[in-house]
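Undergrad: return atomic coordinates for the entry below.
(one chain, ligands or ions: 1)
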Amino acid sequence: MGVDSKDDTARTRVPVAASFPRHEQTFPALTPQEIARMRRFGEIANYKDGERLFETGKPGPGMFILLSGHVVITQRDGLGHVTPVIDQGPGQFLAEIGQLSGRVALVDGVAEGDVESLLIPPERLRALLVAEADLGERIMRALILRRVNLIQAGAGGPVLIGPADSSGVVRLRGFLTRNGNPHHLLDPATEHDAAALIERYSPSSEDWPLVVTPDGTVLRNPSESELARAMGMIRGVAKGKVYDVAIVGSGPAGLSTAVYAASEGLSVAVCDARSFGGQAGASARIENYLGFPTGISGIALTARAFNQAQKFGAEVMIPVEVKALDCSRDDGAFALKLDSGDDLRARSIVVASGARYRRPEIVNLADFEGRGVWYWASPIEARLCAAQDVVLVGGGNSAGQAAVFLSGHARRVNMVIRGGGLGASMSRYLIERIEATPNIELIFNSEVVGLDGVQNASLERVRCRSRLSGEDTEMDIRNLFLFVGADPATNWLEGCGVMVDRGGFVVTGAQCKKAAGDLASALETSVPGVFAVGDVRSGSVKRVGGAIGEGAQVVAALHGFLGDPAKPAL
Ligand SMILES: Cc1cc2nc3c(=O)[nH]c(=O)nc-3n(C[C@H](O)[C@H](O)[C@H](O)COP(=O)(O)OP(=O)(O)OC[C@H]3O[C@@H](n4cnc5c(N)ncnc54)[C@H](O)[C@@H]3O)c2cc1C
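TA: Numbers count the residues shown, from 1 in each chain. This is a model prediction of the structure:
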């Protein structure tokens, strides 16, 4: 399916970059001396007037440094609108963060007059960032700011068409937001373009949202991986390639492993079924991670790590679910069985698959998941609860953080807690903050037992039961947040010989004996060459700091296993 393009020209609209803050840092000019230092990383590439240097939706060839001539950058939205972003001239460079890993371009670049440029392909760009530290810092900052600005302007990604509170819209916006992908939402009730498209495709309620990709393809309520494929976010696995290490999970533990392993010269692949950041990505404010005295959101912390891992050359594949691990190593390498049907092969494996949200026994729970029942509280969900009462279940730190965050958006946050107090399960600083927040109501010795509403549409009522009297109370609630802990994500390890404890967490080190009877090193599992880090590991501390530390530590063990004499275990 496709949408016809319109004749809208770039010059009739206001450049998107006019609204970008920190303009000088976003579009810095390089001096002739700096360009001279960069020449060894690239090749001269010439373009005639009107020729395209890069095109939306197609893999970008790398970073261009303009030596002469001008390039007009425009953004296409798939509905036929073309908006100018900026005009770049000599001394300026053209790229955004996706070019570090050769991802698809989010904008078009067209030569205005003849252009001479220095083209630096992704691999050489990464080498430049590492070799030229000062210059690298300026370029890296500009690449990140450009992506942040595109996200804030909603420019360069797909257009989602549907009611803002429909479950499909919330699901796909969450996916795109958590993966740092720009997108734009059009509500059919108010937007002419959306109404015209709806008339043409006449979607039923299950088709929401329609998604229009920049090349005009229209998808009906796609899955995350369908959307990712249509947007060119997922590339196939290179045939015959064997990585030094394959990491399953890109939460704090997986990203930390990727940064340290790739920065020490190992070839690294990382797969994540959902988005980078893992559980930490759901944290509105992490206050106990070293070096951030005012706190940092989980997304902000892990987005930095995601960019850093790519800067060192780690290949991060999202959304790609690992279905199984084949440890037979018939040809010497482990094989991860991916949901695409491909095998990803590596000489060692790091299990960093963390934990998945627990689903408590609540009548009709499944009917309202994604339609009023949420397992995290990001700004997207918070917007849905503006001026409403919400219920939040849980008494741990993650529940406390979410309650404080939601109290800034909802009229009242009713916190339902099984126990009679918070002292045993929540940090003191959070308890004090909750007590000082007037619109958080604590309901102790209670649990949510049932939900009611319009089936497969919207939640309307939540039934709570007192654990002391057995009495039920109904509340008119459209949004319920569940923060009741998580179980290890280890199903994919079944049958491969990796030992897990009674709770399903992966056993490592002295707790397990390798097949030969030797003791495994601290983070090694019962299968030599398979390591585990972070929340998925039996006995780990279940904290961001712990997960990141284990990611750094496991790299020494990887060098030891891979037999790299130049990199002895620390
Ligand atoms: C709301 C919330 C707030 C929190 N706040 C704090 C805090 O303030 N301070 C603190 O120290 N800790 C906090 N935590 C805990 C902290 O987030 C975790 O300890 C940390 O994220 C664990 O990191 P991890 O990388 O081990 O696992 P996870 O973060 O769980 O990441 C695992 C990743 O693996 C992926 N995955 C799983 N299975 C597969 C598969 N088969 N194939 C591909 N990918 C897979 C998942 O999609 C996920 O992205 C919080 C947790 C939550 C939920």
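Undergrad: going by C-alpha atoms from here, please, whenever you check contacts or count neighbours.
TA: Fine.
Undergrad: most remote residue from the middle of this protein, which is it?
TA: Distance from the C-alpha centroid of the chain peaks at Ser469, with 43.7 Å (CA atoms, centre = their mean).
Undergrad: helix or strand: which one has that one?
TA: Here Ser469, judged by DSSP states H and E, is contained in no helix and no strand.
Undergrad: what about the helices in the stretch 51-200 of the chain?
TA: Secondary structure of the stretch 51-200 of the chain (DSSP state H, counting those that start in this stretch): helices located at 122-131, 133-153, 167-178, 192-201.
Undergrad: what about stretch 365-381, distance to the chain center?
TA: Between the centre of stretch 365-381 and the centre of its chain there are 18 Å (CA atoms, centre = their mean, to the nearest Å).
Undergrad: rounded mean pLDDT for that stretch, please.
TA: Averaged across stretch 365-381, the pLDDT comes to 87.
Undergrad: report the buried residues of stretch 483-492.
TA: By neighbour count on 16 or more other CA atoms under 10 Å, the buried set for stretch 483-492 is 483-485, 487-490.
Undergrad: same question but for stretch 400-414, I mixed them up
TA: Buried, per 16+ other CA under 10 Å, within stretch 400-414: 400-407, 409-414.
Undergrad: could you measure the residue farthest from the centre of the chain against Leu197, distance?
TA: Between Ser469 and Leu197 the distance, using CA to CA, to the nearest Å, works out to 55 Å.
Undergrad: which of the three states applies to Phe561?
TA: Secondary structure state of Phe561, per DSSP: H, G, I helix; E, B strand; the rest coil, is helix.
Undergrad: all helices of this structure, in order?
TA: For the chain, applying DSSP state H gives helices covering 23-26, 32-38, 122-131, 133-153, 167-178, 192-201, 224-230, 252-263, 298-311, 365-368, 379-384, 397-407, 428-435, 544-562.
Undergrad: lowest mean pLDDT across the helices of the stretch 51-200 of the chain, which one is that?
TA: Comparing mean pLDDT across those, the weakest is helix 192-201, with a mean of 78.
Undergrad: got the contact list for Thr508?
TA: Thr508 sits next to 520-526, 531-532, 537-538 when contact means CA atoms under 8 Å, 6 or more residues apart in numbering.
Undergrad: now it. Nearest residue, chain neighbours left out?
TA: Thr525 (4.4 Å; CA to CA, 6 or more residues apart in numbering).
Undergrad: wait, Gln310 touches Arg103, no?
TA: No - Gln310 lies out of contact with Arg103 (CA atoms under 8 Å); the separation is 11.0 Å.
Undergrad: so how far is Ala153 from the residue farthest from the centre of the chain?
TA: Counting by CA to CA, the gap from Ser469 to Ala153 is 53 Å.
Undergrad: pull the CA atoms of the helix or strand bottoming out on mean pLDDT in the chain into PDB?
TA: In the chain, the helix or strand scored least confidently by mean pLDDT, DSSP states H and E is helix 192-201, which has a mean of 78. Backbone C-alpha positions of helix 192-201 (Å, rounded to 0.1, in the frame of the first residue of the first chain) are rendered in PDB as follows:
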ATOM      1  CA  HIS A 192      -7.300  16.900   7.600                       C
ATOM      2  CA  ASP A 193      -4.500  14.700   6.200                       C
ATOM      3  CA  ALA A 194      -5.400  11.900   8.600                       C
ATOM      4  CA  ALA A 195      -9.200  12.100   7.800                       C
ATOM      5  CA  ALA A 196      -8.400  11.800   4.000                       C
ATOM      6  CA  LEU A 197      -6.300   8.800   4.500                       C
ATOM      7  CA  ILE A 198      -8.800   7.100   6.800                       C
ATOM      8  CA  GLU A 199     -11.500   7.700   4.100                       C
ATOM      9  CA  ARG A 200      -9.300   6.000   1.600                       C
ATOM     10  CA  TYR A 201      -8.200   3.000   3.700                       C
END
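Undergrad: for it, which helices and strands make contact with it?
TA: On a contact count with 3 or more CA pairs under 8 Å, 6 or more residues apart in numbering; DSSP states H and E, helix 192-201 meets no helix or strand.
Undergrad: what's in contact with that helix?
TA: So helix 192-201 is contacted by 79, 161, 186-189 (CA under 8 Å, 6+ apart).
Undergrad: okay, domains of this structure per the record?
TA: Domain assignment for the chain by automatic domain parsing gives 10-153, 159-230, 242-356+487-562, 365-484.
Undergrad: check the ones you listed for me: which has the lowest mean pLDDT.
TA: domain 159-230 (a mean of 87).
Undergrad: and that domain, how far apart are its ends?
TA: One end of domain 159-230 sits 13 Å from the other (CA to CA).
Undergrad: would you map the strands across the stretch 351-500 of the chain?
TA: Per DSSP state E, counting those that start in this stretch, the stretch 351-500 of the chain carries strands over the ranges 355-357, 373-374, 389-393, 412-416, 440-443, 446-454, 458-466, 472-476, 480-482, 486-488.
Undergrad: got a markdown table for these, with distance to Ala314 too?
TA: Below are these laid out as a markdown table (distance: least, CA to CA, whole Å):
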| stretch | distance to Ala314 |
| --- | --- |
| strand 355-357 | 23 |
| strand 373-374 | 32 |
| strand 389-393 | 38 |
| strand 412-416 | 41 |
| strand 440-443 | 43 |
| strand 446-454 | 43 |
| strand 458-466 | 41 |
| strand 472-476 | 48 |
| strand 480-482 | 34 |
| strand 486-488 | 25 |
